[in-house]
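Enquirer: What follows is a predicted structure for the sequence shown.
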Amino acid sequence: MRKYYLPKQQFAQVDTLEPHTWIKVVQPTSEDIDYLCDEIGVPDGFIGDTADSDERPRTEEEDGWRLTIIRIPIETPEGTTPYNTVPIGVISHLEKQLVVTICYHRTDLIPDFIKHNQRKGISVDTDIDFILRLIMSSAVWFLKYLKQISFLVLETEEALEKSIRNEDLLQMMRLQKCLVYFNTSIRGNESVIGRFKVSHYEQYDIDLAEDVAIELNQAYNMVNVYSDVMNGTMDAFGGIINNNINTIMRRMTSISMILMLPTLVASLYGMNVDLPLAEHPLAFVGIMVVCLIFSAIAFWLFKRIHWF
């Protein structure tokens, strides 16, 4: 699905291709790809690079076209992790005065990016500024999703405090994966900004770039803080699990030893030979009393060394 916008006119939406147009393509169909390649002239390789879900943030040029790939966060409630990052390709051509964005995943970031610029009345003159503003929007959404991850971490910790279940531990591991994805994506987007500063300094808006860098740095610091907290939490619960296992093993060993003493006495008097008190009428009662005494002494000793 593709739509047309005019970044120089506060991102006004139009129905046809005009000069200085932004062509937004989300979840492209074969018809959209044929349109971009045959009618617009976008290199096939650029579209293929954008389709790779593992593509890293970078920028390159070919035949007058510039491809810039950044990674943006998305929510994936049905995936293996609650949140993930996906590439979005920004393909621009200065002579044709157009910008094409391609994203193979539906995301709330792009509609929010458009509404924000329309609401603020922001006009974008160059593709570099367009990319910088898109990266800033991605940083805002990184921060938004990080807050949601923080709430999920707190809920999982409360569940683990009540009962350590495999489902809760797996949830913590999935959230850790989200933070790893966010970390690498944010660092990759920062590298794109640094590349623009070196190779396209004449089009580089220093003030805007500094604002973007501040937002990305804040998101990166939050990722590191949450990662450290989760690592400490996982280590703590790992220690609790090991301690619980040791406690259970001590108790099982103590119970086995307590039961072993009366079992030993019963085994001795169960032998088919002559034994002391074998003919005494109170022999059974005496043996039971001795067994109970031995068990009580063993229980007292284990209680004293805190094995119970």
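Expert: Nice, thanks for sending it over.
Enquirer: Identify the bridge partners of P73.
Expert: Note on P73: beta-bridge partners by DSSP bridges are T85.
Enquirer: Which pLDDT does the model give the most centrally placed residue in the chain?
Expert: The centroid of the chain falls nearest to C178 when counting by C-alpha atoms, centre = their mean (0.9 Å). With respect to pLDDT, C178 scores 91.
Enquirer: Okay, and it sits in which element?
Expert: helix 166-199 (DSSP states H and E).
Enquirer: circling back: which residues touch the residue nearest to the centre of the chain?
Expert: T81, P82, Y83, N84, Y145, I149 (C-beta atoms under 8 Å, 6 or more residues apart in numbering). Quick note: C-beta positions are derived from backbone N, CA and C, even for glycine.
Enquirer: again, but for N166
Expert: Neighbouring residues of N166 by C-beta under 8 Å, 6+ apart: there are none.
Enquirer: What separation is there between it and E157?
Expert: 16 Å (C-beta to C-beta, to the nearest Å).
Enquirer: do I102 as well
Expert: Distance, I102 to E157, using C-beta to C-beta: 39 Å.
Enquirer: More neighbours: which of those two?
Expert: Neighbour count, other C-beta atoms under 10 Å: between I102 and E157, I102 has more, with 27 against 16.
Enquirer: where's the closest residue to Q171 other than its chain neighbours, which helix or strand?
Expert: Nearest residue to Q171 in three dimensions, chain neighbours excluded: T156, at 5.0 Å (C-beta to C-beta, 6 or more residues apart in numbering). If you go by DSSP H and E, T156 is part of helix 127-162.
Enquirer: other SSEs contacting that helix?
Expert: strand 65-75, strand 83-93, strand 98-103, helix 109-120, helix 166-199, helix 206-268 (3 or more C-beta pairs under 8 Å, 6 or more residues apart in numbering; DSSP states H and E).
Enquirer: So which bits of the helix or strand hosting G286 are buried?
Expert: Taking DSSP H and E as the definition, G286 sits inside helix 283-304. By 16 or more other C-beta atoms under 10 Å, the buried positions in helix 283-304 come out as I287, C291, F294, S295, A298, F299, F302.
Enquirer: Many thanks, I have nothing further to ask.
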